[in-house]
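A.B. asks: generate a structure from the sequence data that follows.
(chains A and B)
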Amino acid sequence: MTDIFTKPELDRRTLLRRAAAVGLLATPAVGMLSACVGSSDDTKQEQATGTKSADNPLGIDPKAGVEIVIFNGGLGTAYATDVDTPLFNKKWPDAKITYSATEQISTVVQPRINAGNAPDMINNSGSNLMDMGAIVKAGQAADLTDLFAAPSLDIPGKTVADTLVPGAIEQGTYNGKPYAVNYSFTVFGLWYNKKLFEKNNWTPPTTWAEFTALCDKIKAAGITPFGYAGANASYYMVRAVMTSAAKIGTEQVLKDIDNLKPGAWQNDAIKQAAQAWGEIGNKYINKTFLGLKHTEVQLQQDQDKVAFYPCGSWLENEQAKDTPPGFEYAVCAYPSVTTSDKLPATAINAAAGEIYFAAAKGKNPQGGKEYLRTMLSKEAALGFTKLTKSLTVVAGASDGVTISPGLTSANDVLTKAGKDVFMGYLFDTWYKKLDDESRAAANDLMFKGGDAKKFCDRMEAASQAVAKDSSITKFTRS
Amino acid sequence: MRHGKYPFIIGFLVVPVALYTIFVVWAYIQAFYLSVYEWSGLGPLENFVGLGNFRKLWDDNLFWQSLRHNLFLLILLPLITIVIALVFAFLLNVGGGHRGGVTRGVWGSKAYRIIFFFPQLLALAIIAVIFGRVFGPDKSGMINGLFPDSWTPWLFLADERWAMACILIVLIWQAVGFYVVLFSAGMGSISTDIYEAAALDGASRVTLFFRITVPLLWSTIQVSWVYLGIAAFDAFALVNIMTVDRGGPNGASSVLSLMIYRNAFEFSQAGYASALGVVLFFLTLTFAALTLRVTRREAVEA
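C.D. replies: As a prediction, the model looks like this:
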């Protein structure tokens, strides 16, 4: 989930720097990593603790410092330095926060974890994020059960868990225990320019027939009806196909896929969804998009050259500087594929993302958790939304506050969906190899003829290969 | 004098050898060690699998595909680069014929020499971004932009058949300048007497090139071949930055170094990545040894 949020924000500079460095070091670097392996299990870190009380439910040492590492990406770092840290220090003035930010979480943090010198609270995000499943398996992430059971910092009478949107904790849960806070909350759908649609009298579709009819009209107006970037953002398309499949056959379809159930990818719901989208690819996409990057396609949308773009609610903020005055972002739910879809047309995929976790073997794990509790307060959540134009998992934290048209539209879609909001899938973070295959398969589907069966068979084979591979840690969900 | 020799030599060697041992040799030994484990890259080493990673490699289609791409580069990159560089270097140094007893390059050769070297000054990553635009698959791409509007744009990197060729072109473009300079330096050390003598005997420029320049430069060419071959085994930066879906579409531009990186740092398969690294190590070594063996000739003293 996390990479969905952060990959688009990966800026060129980061990529270049990393690429250049790795190009030189690829082989030796693997060895260098291991240089630290031996030390991790022997050393026992001395950890700061305090006395638990109503005011200090996590029992932190009020004088012990807390070290945090923030990913410096599309969300910026101001929310940490200007909102969270001051709020934390208001309550714990003697606990010194040591802050640092990086664009390369894995490069910076992974060696420290292996050396037994982990920072206390880590924002594991960006395209260079660490494999959260592997971290949990290695016992490096602190169990957050006590954090979620602790009272909320500023919503009286509720525990932290009570204040969160449904599914928020589930997403950071690995084999039954919560290890990560997925902080930001993203609404996925088809994004379009509200002003352009109003000008042309186009209404967002709710059925597939309406969708294709509208695409025909848009095409006639000389605009590419639908597009996504094949070069580096094909996982947006994967999400579109998966969302449609879930609407046809409920979220169970996706759960089976996550659980690597044999035949999960050959489910009729997936086939129908792939079929429908493949036809969109055949008729309405611009074939050159296969070679374009997300920034390029998004820019084309801002120039009204592309009508619909499948994306999450970070899009508006990401495009802020390129959005012309005549452009107003809005989102609609993916239209129903068949008339017998099990979920209504208003159903949407909305998910928590952007991982934060406390290191289990750091100097002050309780301090790290207390920092997370601060972030999950209503005040911090509102501050985050204002600064980043992203919703958070703290339910209703920004209700009644108008921030931007895209965010308002996302909130509307969320309200309309009511209980039909589903979290989606986790295979892309659990099994990166499968994620990789799904991207290539989606590109094939959308740009190379729309063969739904090939898509399903290929993914099924990849999924079973992962299931059989003993070196890959398996996860399950229900 | 003699008693001070060893401390003097050791004093010179100790720092570089120590650095080399720690950061190169030791890292390689670690890679060998890791390659027999199933290891995610985090936590302790537990699962000894022997040659299991290598067996998995044998069955991995992407591995063979990547290997084919590396071999494609290995054959074409040195060949084309050296031919182009030799021709340019010859033109720059000898191609202008000789006047007043001095052989010289074609007109403007000093300026060309600088221009040819420019690509070498740019970091590979920057070149990758620039060529990403040159090979843009729509009208905004530099090459496609040259054609009229009715033109159906070439997809370049988004076309499975041509993705690897695009990478090859960029690698050649980037490398040629350096080898022009290298060969120029080599040609500079060939005595002009030899050229003059040959010219007096009525040798044409083509004859000069094949009968004098190439044989006398042979050891330089040989070394270049090894360097370029090693570069062909890498190609990581370009593939990582330029290609569709990094190594795509459908693995059409995947190379071994990219596989290593992705397995180690993205798929949490550091053990498997190490096995790939070990294979790459032996491939590179074999290639270097083979090249030096096959191309061995009697050294010709200039």
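
A.B. asks: and stretch A:381-395, what's buried?
C.D. replies: By neighbour count on 16 or more other C-beta atoms under 10 Å in any protein chain shown, the buried set for stretch A:381-395 is A:381-385, A:387-395. Yep, even glycine has a C-beta here, placed from its N, CA and C like the rest.

A.B. asks: restricted to helices, list those.
C.D. replies: A:Ala381, A:Leu382, A:Gly383, A:Phe384, A:Thr385, A:Leu387, A:Thr388 (DSSP state H).

A.B. asks: which sections of the chain are below the confidence cut-off?
C.D. replies: All of this refers to chain A. When residues are selected by pLDDT under 70, those of chain A lie in A:1-45.

A.B. asks: try again with chain B
C.D. replies: Residues of chain B meeting the criterion pLDDT under 70: B:1-3, B:95-105, B:297-302.

A.B. asks: how about the strands in it?
C.D. replies: When assigned using DSSP state E, the strands of chain B occupy the ranges B:37-38, B:47-48, B:98-99, B:102-103.

A.B. asks: can you classify the closest residue to A:Gly50 other than its chain neighbours as helix, strand or coil?
C.D. replies: Using C-beta to C-beta, 6 or more residues apart in numbering or on different chains and skipping the chain neighbours, the partner closest in space to A:Gly50 is A:Asp61 (4.1 Å). Classification of A:Asp61 by DSSP: H, G, I helix; E, B strand; the rest coil places it in coil.

A.B. asks: ok, now which ones touch A:Asp61?
C.D. replies: A:Ala48, A:Thr49, A:Gly50, A:Ala95, A:Asn364, A:Gln366, A:Gly367 (C-beta atoms under 8 Å, 6 or more residues apart in numbering or on different chains).

A.B. asks: for B:Thr152, same thing?
C.D. replies: Here B:Thr152 is in contact with no residue (C-beta under 8 Å, 6+ apart).

A.B. asks: one more: B:Phe267?
C.D. replies: B:Phe267 makes contacts with A:Asp131, A:Lys432, A:Lys433, A:Asp436, as judged by C-beta under 8 Å, 6+ apart.

A.B. asks: likewise A:Gly172?
C.D. replies: With C-beta under 8 Å, 6+ apart, A:Gly172 has these contacts: A:Leu144, A:Pro178, A:Tyr179, A:Ala180, A:Val181, A:Asn182, A:Ala352, A:Ile355, A:Phe357.

A.B. asks: which residue packs closest to it, ignoring adjacent ones?
C.D. replies: A:Gly172 sits nearest to A:Ala180 (C-beta to C-beta, 6+ apart), 3.4 Å away.

A.B. asks: quick one: buried residues of the top helix by length along chain B?
C.D. replies: If you go by DSSP H, chain B has its longest helix at helix B:61-93. Of all the residues in helix B:61-93, those buried under the rule 16+ other C-beta under 10 Å are B:62-63, B:65-67, B:69-70, B:72-74, B:76-78, B:80-82, B:84-86, B:88-93.

A.B. asks: please apply the same query to stretch A:403-420.
C.D. replies: Buried residues in stretch A:403-420, counted by 16+ other C-beta under 10 Å: A:Ile403, A:Ser404, A:Gly406, A:Leu407, A:Ser409, A:Ala410, A:Asn411, A:Val413, A:Leu414, A:Ala417, A:Asp420.

A.B. asks: ok, and what's touching that stretch?
C.D. replies: By C-beta under 8 Å, 6+ apart, the residues outside stretch A:403-420 that reach it are A:187, A:189, A:191, A:194, A:313, A:315-317, A:328-333, A:343-344, A:346-348, A:350, A:385-386, A:389, A:391, A:398, A:402, A:421.

A.B. asks: for the stretch 101-250 of chain A, which residue gets nearest to chain B?
C.D. replies: A:Ala138 (3.1 Å; C-beta to the nearest C-beta).

A.B. asks: number of residues surrounding the closest residue in space to that residue that isn't next to it in sequence?
C.D. replies: Distances taken as C-beta to C-beta, 6+ apart put B:Gly43 closest to A:Ala138, at 3.1 Å, once the chain neighbours are dropped. Look at B:Gly43: counted by other C-beta atoms under 10 Å in any protein chain shown, it has 18 neighbours.

A.B. asks: and if you look at B:Phe282?
C.D. replies: Neighbours of B:Phe282 using other C-beta under 10 Å come to 10.

A.B. asks: now do it against chain A, distance only.
C.D. replies: Counting by C-beta to the nearest C-beta, to the nearest Å, the gap from B:Phe282 to chain A is 12 Å.

A.B. asks: re earlier: out of the ones in helices among the buried residues of stretch A:381-395, who's nearest chain B?
C.D. replies: Sorting these by distance to chain B puts A:Thr388 at the head of the list, at 25.5 Å, by C-beta to the nearest C-beta.

A.B. asks: dump the residue contacts of that closest one.
C.D. replies: Neighbouring residues of A:Thr388 by C-beta under 8 Å, 6+ apart: A:Leu75, A:Gly76, A:Tyr79, A:Ser184, A:Asn317.

A.B. asks: next one: A:Tyr228
C.D. replies: For A:Tyr228, counting by C-beta under 8 Å, 6+ apart, the contacting residues are A:Ser234, A:Tyr236, A:Met237, A:Ala240, A:Ile285, A:Phe289, A:His294, A:Val297, A:Tyr309, A:Pro310, A:Met446.

A.B. asks: repeat that with 10 Å
C.D. replies: The contact partners of A:Tyr228, by C-beta atoms under 10 Å, 6 or more residues apart in numbering or on different chains, come to A:234-240, A:281, A:285, A:289-290, A:292, A:294, A:297-298, A:306, A:308-311, A:442-443, A:446.

A.B. asks: can you tell me the SS state at A:Lys361?
C.D. replies: coil.

A.B. asks: before we move on, back to that, the residue nearest to A:Ala138 contacts A:Asn114, correct?
C.D. replies: Yes - counting by C-beta atoms under 10 Å, B:Gly43 touches A:Asn114, with 7.8 Å between them.

A.B. asks: measure the residue nearest the centre of chain B to chain A for me?
C.D. replies: Among the residues of chain B, the one closest to the centroid is B:Ala231, at 2.6 Å (C-alpha atoms, centre = their mean). Look at B:Ala231 and chain A: by C-beta to the nearest C-beta, they are 10 Å apart.

A.B. asks: just B:Gly141 next, same as before
C.D. replies: 8 Å.

A.B. asks: for B:His54, which non-adjacent residue is closest in space?
C.D. replies: To be clear, residue B:54 is Phe; His isn't right here. B:Ala275 (5.5 Å).

A.B. asks: taking the contacts of A:Asp61 one by one, which sit in strands?
C.D. replies: Using DSSP E, none of the contacts of A:Asp61 sit in strands.
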